[in-house]
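sequence and computational prediction follow.
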Amino acid sequence: MSIVILDIPDSKEELGPWLDRKIVDCQLGQFVKELEFIADDFNPPGYSTDSLQEILGSDRDAVLDRGLKSLNYDQCAAFLANPQMLLELQELVLIEGGNYWQDILAQAELPSSSPPRQKKTKLASSSEPKVHVLQPIEQSPKRSKMPWIISVAALGLLAIVAYQYQIHVANPANNIVENPNDQKSEINPDNNSPAPTMLASNWGWDSPDAFDDSLPPDDYLHELADAAGAWFNKRPDSTDDLKQRLAEFRHGCETLLTAEHTALSEDDREWLRTNCKKWAGEIDQMLADVESKNISEVQKQADQTINQLIREIRLKADEVA
């Protein structure tokens with residue numbers, strides 16, 4: 001496996017464009033976890049930021065049009081010190097970003113599946129790391145040490161991941177069926193109800209490694225959120241492509257509904273299934289609308305829905321941590 005933080009550029013001119021590529025990369029979840037692991041080691045104390053808007057300030061529209069090269073070094077470095085803000089920025093640019101971001105998405109060489117997240121043991125501490133804003137490269141003496149600190153921290157991270165990582169095996173709930181519409185859906189339990197439009201796939205919640213019940217509950221939920229994020233790995237450019245992508249995501253909802261989720265408590269399993277039925281219903285409505293509405297309108301609606309469900313799963317993960 002590769003460690004993303006080892007690739008952070010030293011040059012302030014390179015940092016913004018490099019972060020742009022990471023924001024649309026399916027490895028963003030791994031990158032954020034790695035940054036959380038090392039943030040306190042190279043950031044000066046005494047300052048933190050509470051919101052994405054605080055970092056972007058009046059440059060919000062410029063970032064949506066031209067990326068992080070529109071920001072100064074302090075603003076870009078703030079994302080390294082506050083890595084959760086990268087997830088919020090990803091949501092923002094996927095929903096409101098202009099052609100610049102669409103071009104990066106189109107050019108990205110996305111792997112067939114995301115590498116494993118850093119997983120903690122059930123006995124590991126659930127305390128959240130502190131985060132602080134980095135000083136400019138010219139002014140901060142600690143900044144010159146960052147490559148050394150990242151290298152040492154990365155070795156520690158690699159040792160933890162290597163020790164804890166287990167090869168994922170396919171969950172029986174993920175078995176792909178040739179004709180999923182022949183199955184009775186939990187959303188439409190009545191045999192007389194029209195079957196939802198579904199297509200089996202090997203990404204998202206249909207991925208063979210989407211469910212790892214050996215994880216602690218919060219990591220398990222974060223893995224589900226990461227899997228849902230695979231929606232953004234491919235951007236449909238026609239009505240038929242969008243219909244297929246939605247039908248594949250909808251099949252993933254069905255897979256999520258039928259999985260055992262033994263890593264979770266009974267209450268958390270019920271929460272997940274209840275919300276999944278809601279999300280599946282929203283996807284069904286988009287599938288019904290895709291023929292009659294503008295493709296960009298349905299695409300935007302799908303992006304918003306999937307970003308929202310990812311956020312809800314992550315909030316639940318934080319709650320159970």
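All right, it came through fine.

number of nearby residues for Ala200?
18 (other C-beta atoms under 10 Å). Yep, even glycine has a C-beta here, placed from its N, CA and C like the rest.

before we move on, what SS does it have?
coil (DSSP: H, G, I helix; E, B strand; the rest coil).

ok, now how distant is Gly95 from Leu89?
No Gly there; residue 95 is Ile. 11 Å (C-beta to C-beta, to the nearest Å).

and those two? which has more neighbours close in?
Leu89 (22 against 13).

now that one: how far from Gly16?
12 Å.

and Glu96, by the same measure?
In terms of C-beta to C-beta, Glu96 sits 18 Å off from Gly16.

biggest helix in the protein, by residue count?
Among the segments of the chain that qualify as a helix by DSSP state H, the longest is helix 295-320.

show the average pLDDT along it.
Averaging pLDDT along helix 295-320 yields 91.

which other helices and strands does it contact?
Packed against helix 295-320 by the contact rule (3 or more C-beta pairs under 8 Å, 6 or more residues apart in numbering; DSSP states H and E) you find helix 84-96, helix 217-228, helix 239-258, helix 266-289.

hey, where'd the strands end up in the stretch 1-150 of the chain?
For the stretch 1-150 of the chain, no strands are identified by DSSP state E, counting those that start in this stretch.

output the below-cut-off pLDDT ranges for it.
Low-confidence regions of the stretch 1-150 of the chain, defined by pLDDT under 70, span residues 1-2, 38-49, 108-150.

at 90 what do you get?
1-58, 60, 67-88, 90-150 (pLDDT under 90).

kindly report the same for the stretch 151-300 of the chain.
In the predicted model, the stretch 151-300 of the chain carries pLDDT under 90 at residues 151-202, 207-210, 232-239, 289-296.

that older thread, now do the longest helix of the chain against helix 217-228, angle only.
170 degrees (axes from the mean of the first three to the mean of the last three C-alpha atoms, to 10 degrees).

list the buried residues for helix 295-320?
Buried residues in helix 295-320, counted by 16 or more other C-beta atoms under 10 Å: 295, 298-299, 301-303, 305-307, 309-310, 312-314, 316-317, 320.

with stretch 55-73 instead?
Residues of stretch 55-73 classed as buried: Ile55, Leu56, Val63, Leu64, Arg66, Gly67, Leu68, Lys69, Ser70, Leu71, Tyr73 (neighbour count, 16+ other C-beta under 10 Å).

again, but for stretch 211-227
Quick answer for stretch 211-227 (16+ other C-beta under 10 Å): 211-212, 215-227.

contacts made by stretch 270-284 with the rest, please.
Applying C-beta atoms under 8 Å, 6 or more residues apart in numbering, the set of residues contacting stretch 270-284 from outside is 185-187, 196-197, 221, 224, 246, 249-250, 253-254, 256-257, 261, 264, 302, 305, 309, 312-313, 316.

can you do 7 Å?
Stretch 270-284 is contacted from outside by 186-187, 196, 246, 249-250, 253, 256-257, 261, 264, 305, 309, 312, 316, using C-beta atoms under 7 Å, 6 or more residues apart in numbering.
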